[in-house]
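Chemist: okay, sequence plus prediction incoming.
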Amino acid sequence: MDATRRQLVATAAAAALTPTLAMGQAVGLITKPIPSSGERLPVVGVGTARRYEAAPSEAERKPLRDTLQRFHQLGGKVIDTAPSYGDAEAIVGGLIADLGVRSALFLATKVGADDKAAGQAQIEDSFRKLRTDRIDLFSVHNLRDTANQLATLRDLKAAGRIRYVGATTSFDQQYADFEAMMRRETLDVIQIDYALDNRGSADRILPLALERRMGVMVNLPFGRSRLFQATQGKPLPDWAAEIDCTTWAQVFLKYVVSHPAVICAVPGMAQARYVDDNLGAARGRLPDAALRRRMEQYIDSI
C-alpha cells in the first residue's frame, strides 16, 4: 500500500466496527450471491498483485501471514491471485497451508498462456503452488487465447477440480473485445477494474454482466492511487456517516460493492490493519443509487 494510504489509515479513528443489519441480511459481513449458483461471498476479499510477489524471508512473510490470519478471523473468504503476480501463488499457498484455513477460503486464480498446452501446464502449476486439489474460481487472464483456455477450464469444472469459470481484464482498450467475449461465452464470474474515479466499465460491461447473470469481481477498487491522493487530509463528508464509513478506504469500497452487478472487490492487503479497515466496508449500510451519484459528484469535483 502506498504512503498516502498508510498515513490515512494511521490517522483515521480506529473505532471498533460493530456489525449491523444491512440489505436485509443478518449481522456480520455483507455477502452477495454468485448468480450461477447462489453461493454467497463476502463483498470484500484480498488481492495479491504486487504485495505478495516476493517474500523470500520469514520476516517478509510474517506480515502477510498476519494479514491472512486476520482476514480469516474476521470472516473473509475470497483471495485472488495469478501466475503473473510473481511468487504470489506459492506464497499464498504456503501461508494458508501453515494457517490451516484452506477449507474456509474461496481461492481464485487465473491462466494467462498463448496455447492450449502451455495453459494446461500453467494450470497444473497453480494447483501445485496453491497446495490444493480444487480451486474455486479459475479465470482466463486478460483475454489470452480465450477459446482454448476456456475449453480447458470447462473440462476441469466438469471433472470437479474447479468450481467456477471466469475471465478478467483491467485495461480499457480490451473492453470492446471483453464485451464481445461476454456475449458469446457462458461464464460464472468476470473480473474487471472499477472504482469511484474509474467508472468506464459501468457503461456497458457491468450492465451486460447483470443481463448475462455473471458475477463481477472488481480489481483496482481504489483506482490507480488518485483517490487517496485527492482525499489526503480531507475530512469525510457528512454523508459518509449515512453508510457507516469511518475511513476513505471504506467509502471507496462501499461505492464499488454497492453496484448491483458486483459481488466482491479484491483490494490489495498486506498488513492486518488494512484488513480491519477494508472489511469495515463489508459491514453496515451501503449507498443507494442517489447516494452513489452524490459520491461520484464529490470525487469528480476534487
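Modeler: Alright, I've got the coordinates.
Chemist: what helix or strand does the most far-flung residue of the chain relative to its centre sit in?
Modeler: Among the C-alpha atoms of the chain, the one farthest from their average position, using CA atoms, centre = their mean, is that of Ala117, at 28.4 Å. Applying DSSP states H and E as the criterion places Ala117 in helix 116-130.
Chemist: tell me the pLDDT at Ser225?
Modeler: Model confidence at Ser225, expressed as pLDDT, equals 85.
Chemist: hmm, back to that, what angle separates the helix or strand just after the helix holding Ala117 from helix 116-130?
Modeler: Heading C-terminal from helix 116-130, the first helix or strand you meet, by DSSP H and E, is strand 135-141. On the basis of axes from the mean of the first three to the mean of the last three CA atoms, to 10 degrees, strand 135-141 is oriented at 140 degrees to helix 116-130.
Chemist: per-residue confidence averaged over strand 135-141?
Modeler: The average pLDDT for strand 135-141 rounds to 99.
Chemist: Phe71 in helix, strand or coil?
Modeler: Following DSSP: H, G, I helix; E, B strand; the rest coil, Phe71 is assigned to helix.
Chemist: isn't it up against Val275?
Modeler: Yes. With contact defined as CB atoms under 8 Å, Phe71 reaches Val275; the gap is 5.0 Å. C-betas here are computed from N, CA, C, even on glycine.
Chemist: got the CA positions of the helix holding Ala117 in PDB?
Modeler: Taking Å, rounded to 0.1, in the frame of the first residue of the first chain, the C-alpha atoms of helix 116-130 are listed here in PDB:
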ATOM      1  CA  LYS A 116      -3.600 -25.000 -25.000                       C
ATOM      2  CA  ALA A 117      -0.600 -27.000 -23.900                       C
ATOM      3  CA  ALA A 118       1.100 -24.000 -22.200                       C
ATOM      4  CA  GLY A 119      -2.200 -23.200 -20.400                       C
ATOM      5  CA  GLN A 120      -2.600 -26.800 -19.200                       C
ATOM      6  CA  ALA A 121       0.900 -26.700 -17.800                       C
ATOM      7  CA  GLN A 122       0.400 -23.400 -16.100                       C
ATOM      8  CA  ILE A 123      -2.900 -24.500 -14.600                       C
ATOM      9  CA  GLU A 124      -1.300 -27.600 -13.100                       C
ATOM     10  CA  ASP A 125       1.400 -25.400 -11.700                       C
ATOM     11  CA  SER A 126      -1.200 -23.300 -10.000                       C
ATOM     12  CA  PHE A 127      -2.700 -26.300  -8.300                       C
ATOM     13  CA  ARG A 128       0.800 -27.300  -7.000                       C
ATOM     14  CA  LYS A 129       1.700 -23.800  -5.800                       C
ATOM     15  CA  LEU A 130      -1.600 -23.200  -4.100                       C
END
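Chemist: got a list of contacts for that helix?
Modeler: By CB atoms under 8 Å, 6 or more residues apart in numbering, the residues outside helix 116-130 that reach it are 81, 83, 89-90, 92-93, 107, 109, 111-113, 133, 135, 138, 145, 148-149, 151-153, 156, 161.
Chemist: in that helix, what's buried?
Modeler: 118-120, 122-123, 126-127, 129-130 (16 or more other CB atoms under 10 Å).
Chemist: which of the contacts of helix 116-130 fall within helices?
Modeler: Per DSSP state H, helices hold the following members of the contacts of helix 116-130: 89-90, 92-93, 148-149, 151-153, 156.
Chemist: from the residues you listed, which is closest to Pro63?
Modeler: Distance to Pro63, by CB to CB, is smallest for Val92 among the ones in helices among the contacts of helix 116-130, at 13.8 Å.
Chemist: ok, and the closest non-adjacent residue to the closest one?
Modeler: Distance criterion CB to CB, 6 or more residues apart in numbering; nearest residue to Val92, sequence neighbours excluded, is Thr81 at 5.3 Å.
Chemist: tell me the contacts of that neighbour?
Modeler: Residues counted as contacts of Thr81 (CB under 8 Å, 6+ apart) are 48, 52, 88-89, 92, 107-110, 130.
Chemist: mind doing that once more with 6 Å?
Modeler: For Thr81, the contact set (CB atoms under 6 Å, 6 or more residues apart in numbering) comprises 48, 88-89, 92, 109.
Chemist: just give me the closest of these to Val218.
Modeler: Thr48 (14.8 Å).
Chemist: that closest one contacts Gly86, correct?
Modeler: No. Under the criterion of CB atoms under 6 Å, Thr48 is not in contact with Gly86, lying 9.3 Å apart.
Chemist: between these two, which is the more surrounded one?
Modeler: Between Thr48 and Gly86, counted using other CB atoms under 10 Å, the more crowded position is Thr48 (27 against 17).
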